[in-house]
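Asks: Provided below are the primary sequence and the corresponding predicted coordinates.
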Amino acid sequence: MTAIEDMSWFANPEARSWQTTQLGSGAHTFHRGLPGYVPTPLVEISPLANELNVGKVFVKDESSRLGLPAFKILGASYAVSRALSKRLGSVDEALPLHELRDRLVNESVRLVAATDGNHGRAVAHVARDLGLPARIFYPSSLTVEAKGAIVGEGAETVEMNTSYDELVSAAAEFARLEGSDAVLIQDTAWPGYEEVPRWIVEGYSTLFAEADEQLLEAGIDRLDVVVVPVGVGSLAQAAVRHYRSIPHPPVLLTVEAERAPALVASLHAGRSVSVPTTDTIMAGLNCGTPSAAAWPSLFAGVDAAVTVTEDESIAGVRRFAELGVDAGPCGAATLAGARRMLLEPARRAQAFVDADAVVLLFSTEGSAANPLPAPVVTVAVVPS
Ligand SMILES: Cc1ncc(COP(=O)(O)O)c(C=O)c1O
């Protein structure tokens, strides 16, 4: 147990010395071949360095990634390609989407996914690129905009008034009953369903490879703190694989919504547990169970985990907006989480962060992915 008896925080000092192996570069090569691929911006935000009392703060801005307002298409595109390439006999390859499209023209394949927004939209988008149907399961709690975006990609949709975990079960059951023509593209793993989530995690590795290249281009040769948001933990798994396999690993801080604290609860328990969740504006983080494939690396390799409130996320969205970063609530959760760790002396000391630290925040979605509800964005003008 950590010195701070607080269920919104967990620190693991042993994570710094734990090492793992790098993910391969196949996903980055695949993404580079996609039409319209460009690395997303890495921007230095100097005022945040003062606010967080560190040397430099960089933000990796995922508000526009391959035509969508979130990073998730990196995982969905690579996993879909790997799954369909395997189906066509190319077991170790991610065939280009145009080739898959041509070769699948007479096949009755359908992509299936459950989502809390961004993943399902990304799967539907790739399905459309391939000329394939997609069936996407989403919760009633999703914003009107996020639902509309999935429908807008041409997907068949199933709306359920249920939790993310139950949606995942429903999508998996649907795919099982449909048989081999339904290809489940889920971004979380459970015993017996590991291959596709592994490809999704490999797909996310592009984010970290790009950030490395961009930091070097900016003349930065060290990184002290990396902050990623967590839903099921697949993105964080990719971060652990990346940053725990380099010589001077940064502190890795994960950030969850206080209303869906599956990882921090699991870290406290010392085993993967499921937690009840309630609706949160950080829709992409609204997951009650860590991915079974992610859990071992997160348990061993995450230095610190924190949860943030709705208000903290909203404050993060607003601060990012003032600084010119277009972030949705999941993306801005990283700023909120960084504040929680860096502005609280005991936590900061537990994470060994000094005043010249270089910090990298992954802002994983733009505001278009998950717009704040209207009463939150409306500024009340009070007559004097
Ligand atoms: C914008 C955004 N950020 C972060 C995450 C968290 O990723 P993961 O579920 O892999 O932890 C999600 C998941 O949907 C997301 O949509």
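Replies: On my side now, so go ahead.
Asks: Show me what stretch 125-136 is in contact with.
Replies: Stretch 125-136 is contacted from outside by 67-68, 73, 76-77, 80, 84, 97, 100-101, 104-105, 109-115, 120-121, 123-124, 150, 153-158, 171, 174, 182, using CB atoms under 8 Å, 6 or more residues apart in numbering. All C-beta atoms are positioned from the backbone trio N, CA, C, and that covers glycine.
Asks: right, is it up against the ligand?
Replies: No. Using CB under 6 Å from any ligand atom, stretch 125-136 stays clear of the ligand, coming no nearer than 13.0 Å.
Asks: start to end distance for that stretch?
Replies: With CA to CA, to the nearest Å as the measure, stretch 125-136 spans 11 Å from end to end.
Asks: Check stretch 63-74 too.
Replies: 13 Å.
Asks: Quick one: mean pLDDT for it?
Replies: Looking at stretch 63-74 alone, the average pLDDT works out to 98.
Asks: Show me which positions of it end up buried.
Replies: Using 16 or more other CB atoms under 10 Å as the burial criterion, the residues of stretch 63-74 that qualify are 63, 65-66, 68-74.
Asks: returning to that earlier point: out of the contacts of stretch 125-136, name the ones that lie in helices.
Replies: Using DSSP state H, the subset of the contacts of stretch 125-136 located in helices is 73, 76-77, 80, 84, 97, 100-101, 120-121, 123-124, 150, 171, 174.
Asks: elements contacting the biggest helix by length in the chain?
Replies: Counting by DSSP H, the longest helix found in the chain is helix 195-217. Contacts defined by 3 or more CB pairs under 8 Å, 6 or more residues apart in numbering; DSSP states H and E place helix 195-217 against helix 26-32, strand 42-44, strand 56-61, helix 73-87, helix 234-243, strand 358-363.
Asks: Tell me the residues on the stretch 251-384 of the chain that lie near the ligand, please.
Replies: Going by CB under 6 Å from any ligand atom, the residues of the stretch 251-384 of the chain near the ligand are 284-285, 287, 330, 364-365.
Asks: which one of those residues has the most neighbours?
Replies: Using other CB atoms under 10 Å as the neighbour criterion, Cys330 leads those with 35 neighbours.
Asks: What residues does that one make contact with?
Replies: So Cys330 contacts 70, 118, 229, 231, 282-285, 313, 364-365, 369-370 (CB under 8 Å, 6+ apart).
Asks: Ala146 in helix, strand or coil?
Replies: Per DSSP: H, G, I helix; E, B strand; the rest coil, the local secondary structure of Ala146 is helix.
Asks: pretty sure it is in contact with Asn286, am I right?
Replies: No. Ala146 is not in contact with Asn286 according to CB atoms under 8 Å; the separation is 11.7 Å.
Asks: Mind telling me what element Ser272 is part of?
Replies: Counting by DSSP states H and E, no helix or strand carries Ser272.
Asks: Run a quick neighbour tally on Leu343.
Replies: With other CB under 10 Å as criterion, Leu343 counts 12.
Asks: got it, and the one 5 residues further on?
Replies: Neighbours of Arg348 under the rule other CB under 10 Å: 21.
Asks: Pull the number of nearby residues for Pro39.
Replies: 17.
Asks: do the same with the one 10 residues further on
Replies: Around Ala49 sit 19 other residues, with neighbours defined as other CB under 10 Å.
Asks: Could I get the contacting residues of it?
Replies: 55-57, 359.
Asks: Now with 6 Å, please.
Replies: 56-57 (CB atoms under 6 Å, 6 or more residues apart in numbering).
Asks: Distance of it relative to Leu323?
Replies: In this view, Ala49 and Leu323 are 11 Å apart by CB to CB, to the nearest Å.
Asks: Run through the residues of the stretch 101-250 of the chain sitting next to the ligand.
Replies: So far as CB under 6 Å from any ligand atom goes, the stretch 101-250 of the chain lies against the ligand at 116-119, 187, 229-236.
Asks: what do you get if the cut-off is 8 Å, keeping everything else the same?
Replies: 115-119, 187-188, 200, 204, 228-237 (CB under 8 Å from any ligand atom).
Asks: What ranges does the stretch 251-384 of the chain have for its helices?
Replies: Remark: helices assigned in the stretch 251-384 of the chain by DSSP state H, counting those that start in this stretch are 262-269, 295-301, 310-322, 329-342, 345-350, 374-377.
Asks: Format the ones you listed as TSV; extra columns: mean pLDDT.
Replies: Compiled in TSV, these are given as follows (pLDDT from 0 to 100):
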stretch	mean pLDDT
helix 262-269	98
helix 295-301	98
helix 310-322	98
helix 329-342	98
helix 345-350	95
helix 374-377	64
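Asks: out of the ones you listed, deepest packed?
Replies: Each of those was assessed for mean neighbour count using mean count of other CB atoms under 10 Å. The highest is helix 329-342, with a mean of 28.
Asks: What residue spans form the domains of the chain?
Replies: Listed domain ranges for the chain are 9-70+197-377, 73-193 (source: automatic domain parsing).
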